[in-house]
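Novice: Model the following, please.
(2 chains)
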Amino acid sequence: MSSPEISRDDVAHLANLARIELSDSELDRLGAELPAILEHVKVVQQVAGDDVPAMSHPVPVTNVFRPDEVTPGLTPEQALAAAPASEEQRFLVPKILGEE
Amino acid sequence: MSTPTLVKFEDALTRYQPVMGLEVHVELNTATKMFCGCPTTFGAEPNTQVCPVCLGLPGALPVVNAKAIESAIRIGLALNCQIAEWCRFARKNYFYPDMPKNFQTSQYDEPIASDGYVDVEVEGETYRIEIERAHMEEDTGKSLHVGGSTGRIHGADYSLLDYNRAGIPLIEIVTKTIEVPGDKAPAVARAYVNHLRDLMVALGVSDARMDQGSLRADVNLSLKPIGATEFGTRSETKNVNSFRSVERAVRYEISRHAGILDAGGTVVQETRHFHESDGTTSAGRPKSDADDYRYFPEPDLAPVAPDPAWVEELRATLPEPPAERRKRLQTEWGFNDLDMRDIVGAGALDLVAETVEAGATPAAAKKWWLGELARTANEQGVDVAALTITPAQVAQIQSLIDAGRINDKLARQVFEGVLAGEGEPEEVVQARGLEVVSDDGALSEAVDRAIANDPDAAQKIRDGKVAAVGALIGFVMKQMRGQADAGRVRELILEKLS
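Specialist: Numbers count the residues shown, from 1 in each chain, chains lettered A, B, ... in the order given. Predicted coordinates for the structure are as follows:
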């Protein structure tokens, strides 16, 4: 398996998706570090053979359900207590740009 | 914004074949949300149905609603889909405050149901719509954009968020591409969404009310030149919220795309907003297949692996498919296609069926629901189903008529009384004193007065001009305040004047 290719542009794209502002020097540094990290993690793939299925959970459980019964939640005051700003019992968020 | 050049629908179809894809979101009618025990009541005060889970507070852990899984499987089965033996939820990551977690819990490459179909009928022709998938996800919160002139997001100064709706279970049903004769495309799209609504109501899994947003349709449309094999670029018209609008949105987008393509232009892949007022669409946000949501399996939720025996149990609970039921009822009732279309169109199919079950004849049930009651509903601006009268009560009123105790005219007053909450039909008849007078003594006196009141008419009848009887019957009915058996009155007058 070849080394994961992560370009400087990939890092910039990921940073944008994650809404993290990175300086040029940070992009340079991460552009070099991320491939090294992936390379390191790849060792797991070498250890796990074809007989080991990929898993998304550490515990092999399925069908963890709850009954469709109402449980107490928060009051609006509690819900809004940690909000930086609120108005009319709603969370106030700044102007949203670039999305619909 | 420039006004698009529209090509006449019929002209567009001479050059292009429309290709549609429909995505319908169905809000389930569970008592609680998908991943937490918050209630789902429509129209509650803002942020009164929230908890750490649906607010995405740190450390909160979601747990799947069993009833939502059951509904999802039943929907999948009703759409003739395969039910996954094992599937997972996934995080769809994006930054937008309608989801406080910064992701929506959805399903990605492992939907609970896939590869199904439904058959819809348009003007006697059946069209098979292939279903790609039906997957589970959660609804978003509601945004209120403040400031600016349009109330839309563009130009707003800030937005206010209510998370009551965030986390309500949704099923998204996605079709494969639909290619039907172009002139039928709008009607087929409408019939499909209508079919899904009927199916959801029959399954009892959703209110499926487009006007309240519990059933929402996105219309994807592209055109390809006739004879071409490659699809064109599609537009996605979002949240079309009535059956009629689905039809209009398809028509409009066909005209708009054709205008762009005719001029040698390129259709922009973007979302579109539909405008009820004039049936047009306007640009939303650009969209590409590369929308990078970075889906990954939701680590906080265990995979769902429905036991095949449970799936079969659920299959046994499926209702008779709505289209088959309509056909069966039509045959049983002896109605023609037009009768059935009227009943279905008025949203009165179940009401008529229940009225017939309660003992009325199909003709009588249809007469009241499509006549008096449809009119009342229209006046009140509600669906007939929302009227405060039950099918059993309608059947009781009809049986009072059949027994000769009231006539049609009095029946209208009984309907009025029942609708006004004055009690059962029998109680309204008693309380309002609406019973027909068939006591010959009282009628006979009234007839004598009528003859004395109009000697001319009486003489005409004696001379054999029976048509004049109408004037005398009218006088008697007026005196009896409509509560006389008109047939018996006629008999009495003719007896007296023979």
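
Novice: Which residues belonging to stretch B:234-245 are considered buried?
Specialist: For stretch B:234-245, burial by neighbour count (16 or more other CB atoms under 10 Å in any protein chain shown) applies to B:R234, B:S235, B:E236, B:T237, B:K238, B:V240, B:N241, B:F243, B:S245. In short, each C-beta sits where N, CA and C put it, glycine included.

Novice: same question but for stretch B:193-209, I mixed them up
Specialist: Buried residues in stretch B:193-209, counted by 16+ other CB under 10 Å: B:193-203, B:205-209.

Novice: Show me where the stretch 101-250 of chain B has its helices.
Specialist: With DSSP state H, counting those that start in this stretch, the ranges of helices along the stretch 101-250 of chain B come out as B:185-203, B:243-262.

Novice: Quick one: list the elements packing against the shortest one.
Specialist: If I follow you right, that is helix B:185-203. Here helix B:185-203 touches strand B:16-27, helix B:66-78, strand B:113-122, strand B:125-138, strand B:215-225, helix B:243-262, helix B:322-333, going by 3 or more CB pairs under 8 Å, 6 or more residues apart in numbering or on different chains; DSSP states H and E.

Novice: just checking, B:Q396 touches B:V429?
Specialist: No. At 9.9 Å, B:Q396 and B:V429 do not qualify as touching, with contact defined as CB atoms under 8 Å.

Novice: quick one: B:A258 from A:F91, how far?
Specialist: Separation of B:A258 from A:F91 (CB to CB, to the nearest Å): 43 Å.

Novice: do B:P391 as well
Specialist: 45 Å.

Novice: remind me which residues of chain A are low pLDDT?
Specialist: Residue ranges of chain A with pLDDT under 70: A:1-4, A:97-100.

Novice: Tell me how many other residues crowd whatever residue of it ends up closest to chain B.
Specialist: Proximity to chain B, evaluated over chain A using CB to the nearest CB, is greatest for A:T71 at 3.1 Å. Per other CB atoms under 10 Å in any protein chain shown, the neighbour tally for A:T71 reads 13.

Novice: quick revisit: looking at the buried residues of stretch B:234-245, spot the one nearest B:T5.
Specialist: Ranked by distance to B:T5 (CB to CB), the buried residues of stretch B:234-245 are led by B:S235 at 15.3 Å.

Novice: Nearest residue to that closest one in space, please, no chain neighbours.
Specialist: Taking CB to CB, 6 or more residues apart in numbering or on different chains, and ignoring the residues beside it in sequence, B:S235 has B:R272 as its nearest neighbour in space, at 5.2 Å.

Novice: The strand or helix carrying that neighbour pairs with which strands?
Specialist: Element membership of B:R272, judged by DSSP states H and E, is strand B:270-275. Here strand B:270-275 has these sheet partners by DSSP bridges: strand B:235-240 (parallel), strand B:280-286 (antiparallel).

Novice: What are the boundaries of the helices in chain A?
Specialist: Taking DSSP state H as the test, the helices found in chain A are A:8-17, A:24-41, A:43-47, A:76-80.

Novice: Any chance of JSON lines for those, columns distance to B:T280?
Specialist: Converted to JSON lines, these look like this (distance: least, CB to CB, whole Å):
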{"stretch": "helix A:8-17", "distance to B:T280": "33"}
{"stretch": "helix A:24-41", "distance to B:T280": "44"}
{"stretch": "helix A:43-47", "distance to B:T280": "53"}
{"stretch": "helix A:76-80", "distance to B:T280": "39"}
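
Novice: Of the ones you listed, which stretch is the most buried?
Specialist: A comparison of the helices of chain A by mean neighbour count, using mean count of other CB atoms under 10 Å in any protein chain shown, puts helix A:76-80 on top with a mean of 17.

Novice: So which residues make contact with it?
Specialist: A:S86, A:Q89, A:F91, B:E45, B:P46, B:N47, B:T48, B:V50, B:L55, B:Y163 (CB atoms under 8 Å, 6 or more residues apart in numbering or on different chains).

Novice: try stretch B:6-17
Specialist: Stretch B:6-17 is touched from outside by B:179, B:182-183, B:223-226, B:228, B:251-252, B:254-259, B:261-262, with contacts defined as CB under 8 Å, 6+ apart.

Novice: 7 Å instead?
Specialist: B:179, B:182-183, B:223-226, B:251, B:254-256, B:258-259, B:261-262 (CB atoms under 7 Å, 6 or more residues apart in numbering or on different chains).

Novice: what's the residue nearest to B:G334 when sequence neighbours are not counted sitting at in phi/psi?
Specialist: Distance criterion CB to CB, 6+ apart; nearest residue to B:G334, sequence neighbours excluded, is B:P362 at 7.0 Å. The phi and psi values for B:P362, taken as degrees, to the nearest 10, are phi -60, psi -40.

Novice: Figure out which of the helices of chain A is closest to B:T281.
Specialist: When those are ranked by distance to B:T281, counting by CB to CB, first place goes to helix A:8-17 at 28.5 Å.

Novice: count of neighbours near the nearest residue to B:R328 once chain neighbours are set aside?
Specialist: Nearest residue to B:R328, sequence neighbours excluded (CB to CB, 6+ apart): B:E320, at 7.4 Å. For B:E320, the neighbour count with other CB under 10 Å is 11.

Novice: Alright, that wraps it up for me.
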